[in-house]
Structure formats: structure tokens, C-alpha cells
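In: Output the structure for:
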Amino acid sequence: TPPDLSGAAGWRAKLEEYARELSAAWRRHPWLPSVTVGDRVMGPRETAWPETALSALTDTPLTERERLDAVMMVSHHIRATHPAATQGTQTWTDGSAAPIMRDLLLLNASRFPLLAATVAIPSTTTTREFGLLALLDGLERTITQRTHNNGDEQAASRPDPP
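Out: Here you go, the predicted model:
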């Protein structure tokens, strides 16, 4: 069942809720990420997820295609940062293998100095949180610029006052 985004105010809060709900659904059903890839027909429940996320962007100046691209970026980011047990991902600072990986990097700091320096510092955010913030900040900048530019274009098209 797709998330209910009606309780969130604004497109950004709605996409944040969408990302949280998608992540939670994949934690509850760990097999979902692997069966929801590739060229295939999506069922109505799965199709309802991006439809719901697209509804968060309807009042933005993004084009329909850009709205879909934004939803896909958020969805792909959640997929890419799914726990390390998911094939094709590697988390450096969280998960059950993190202490072992951190210790190995620190023991081999001369070979991997940048990674060793990075993992030696405790992180206040996860890769998922940081990436989602960066994605949404970029969308916000684009939306703000478009909104501002649309206002300028509308003002320019109005006749000058007498």
C-alpha cells in the first residue's frame, strides 16, 4: 500500500515521508528491492507508489517529466542506500560489518588514507540521510529558481501602470 502523504505540508516534507515509507517497506519485506528491478510489468500497488510521490510535486513548476525524474532519483537513492545486505551496496559507517570494515581500514591506513581518515570520525548522519538532503536541496533550488523566474516573466508581461 502506498504511503499517505496528506499529513505532510509541502512537496519536500511529502517526498521525505515517501522516502521514509519506501525504506520502511523494504525493511519489512527485504525481498522487495530485488524483485522490483528490470524490465517488467508493475502491478497496481507498486505503480501507486510513484503515483503518490508524483502527487507531492503537482504544485511545483517542474515539468511532468522532471517530476518523474525527481521521484525516480529519490527512489533510486533509497535503493542504493538500502542496507549492506543488499547486493551492490557498501556502507562504511553503519551496519553489522561496519566495525570490522572500519578496523581493517584503520589497520591499512597507509594504503587507504582517505577512507581511514573518514571512518575514524564518528558520523552524525547516514549516507541515506545526507544523500536525501542533498537531492532535496537541489530540487528545492530548482523549484525556487523556477518559481522566481516565472514571477519575473509574469511581471514582465504585465503592462506598466499609468
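In: any weak-confidence spans in the chain?
Out: The chain contains residues with pLDDT under 70 at 84-98, 151-162.
In: If we use 80, what do you get?
Out: Scanning the chain with the threshold set as pLDDT under 80 gives 83-102, 120-125, 150-162.
In: how about the strands in it?
Out: Applying DSSP state E to the chain gives no strands.
In: Verify the contact between residue 128 and residue 77 for me.
Out: Yes - with contacts counted by C-beta atoms under 8 Å, residue 128 reaches residue 77, the gap being 7.4 Å. (Each C-beta comes from the backbone N, C-alpha and C, glycine too.)
In: Any idea how many residues pack against residue 6?
Out: The burial count assigned to residue 6 is 10, neighbours taken as other C-beta atoms under 10 Å.
In: Against residue 46, how distant is it?
Out: For residue 6, the distance to residue 46 under the criterion C-beta to C-beta, to the nearest Å works out to 20 Å.
In: go on, residue 19?
Out: In this structure, residue 19 and residue 46 are separated by 16 Å, where distance is defined by C-beta to C-beta.
In: in this structure, which residue is closest to the centre?
Out: Taking C-alpha atoms, centre = their mean, the centroid of the chain lies closest to residue 74, which sits 3.0 Å from it.
In: Isn't that one up against residue 15?
Out: Yes - using C-beta under 8 Å, residue 74 makes contact with residue 15 at a distance of 5.7 Å.
In: okay, and the common contacts of those two?
Out: Residues within reach of residue 74 and of residue 15 at once, by C-beta atoms under 8 Å, 6 or more residues apart in numbering, are 53, 136.
In: Tell me which stretches of this structure form helices.
Out: Counting by DSSP state H, the chain has helices at residues 11-28, 32-35, 44-55, 64-80, 98-107, 113-119, 127-157.
In: and of these, who's closest to residue 2?
Out: With distances scored as C-beta to C-beta, the stretch of the helices of the chain nearest to residue 2 is helix 44-55 (4.1 Å).
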